[in-house]
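Peer 1: the amino acid sequence is not available; the structure is as follows:
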């Protein structure tokens with residue numbers, strides 16, 4: 001009996017996520033092998049979605065990456081695909097609205113947006129468009145799912161890009 005396409009897609013999505021977390025931790029495949037004993041070729045096969053990872057091995061990687069096991073998983077492939085498309089739009093953020101918000105998260109967001117303006121040398125505009133990759137990075141910093149951050153940014157009066 002073969003593996004059905006939704007399961008393969010799930011393995012690919014989990015694998016891609018495992019790869020991104022590993023790279024965020026600045027670990028090579030060989031570094032993972034040395035640190036937790038999983039062969040580099042096996043970890044690579046998980047990251048490509050060619051193999052389904054066991055819970056035990058997922059736990060080993062979670063300990064190594066210092067993240068909860070659940071953070072290494074993805075939602076239902078169909079739902080995740082649709083939600084990631086929503087985030088891929090990016091968000092236009094009105095800087096004057098962000099300045100009125102309080103709290104540590106919003107201070108971090110404000111500093112991040114100002115750094116984007118400096119990099120883009122866009123000092124005239126009061127609006128900054130952040131991309132899908134920015135939303136994902138900020139979500140990692142805030143320890144929330146990217147789709148939740150996207151929705152929260154829209155909630156403060158920003159608009160999809």
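Peer 2: Cool, got the structure. In this text the structure is predicted, and so the values were computed from the model without any measurement.
Peer 1: from here on, contacts and neighbour counts on C-alpha atoms
Peer 2: Fine.
Peer 1: which residue comes closest to residue 22 once chain neighbours are left out?
Peer 2: residue 65 (6.9 Å; Cα to Cα, 6 or more residues apart in numbering).
Peer 1: so what's the one you found up against?
Peer 2: 21-22, 25 (Cα atoms under 8 Å, 6 or more residues apart in numbering).
Peer 1: ok, now residue 74?
Peer 2: Counted by Cα under 8 Å, 6+ apart, residue 74 has contacts 10, 13-14, 17, 80.
Peer 1: need the pLDDT of residue 93.
Peer 2: The score at residue 93 is 81. That number is its pLDDT.
Peer 1: helix, strand, or coil at it?
Peer 2: Following DSSP: H, G, I helix; E, B strand; the rest coil, we place residue 93 in the strand state.
Peer 1: shaky segments in this structure?
Peer 2: In the prediction, the chain carries residues with pLDDT under 70 at positions 1-4, 75-90, 156-161.
Peer 1: give the other helices and strands that the helix of greatest length in it contacts.
Peer 2: Looking across the chain with DSSP state H, the single longest helix is helix 5-24. Helices and strands touching helix 5-24, by 3 or more Cα pairs under 8 Å, 6 or more residues apart in numbering; DSSP states H and E, are helix 40-47, helix 77-87.
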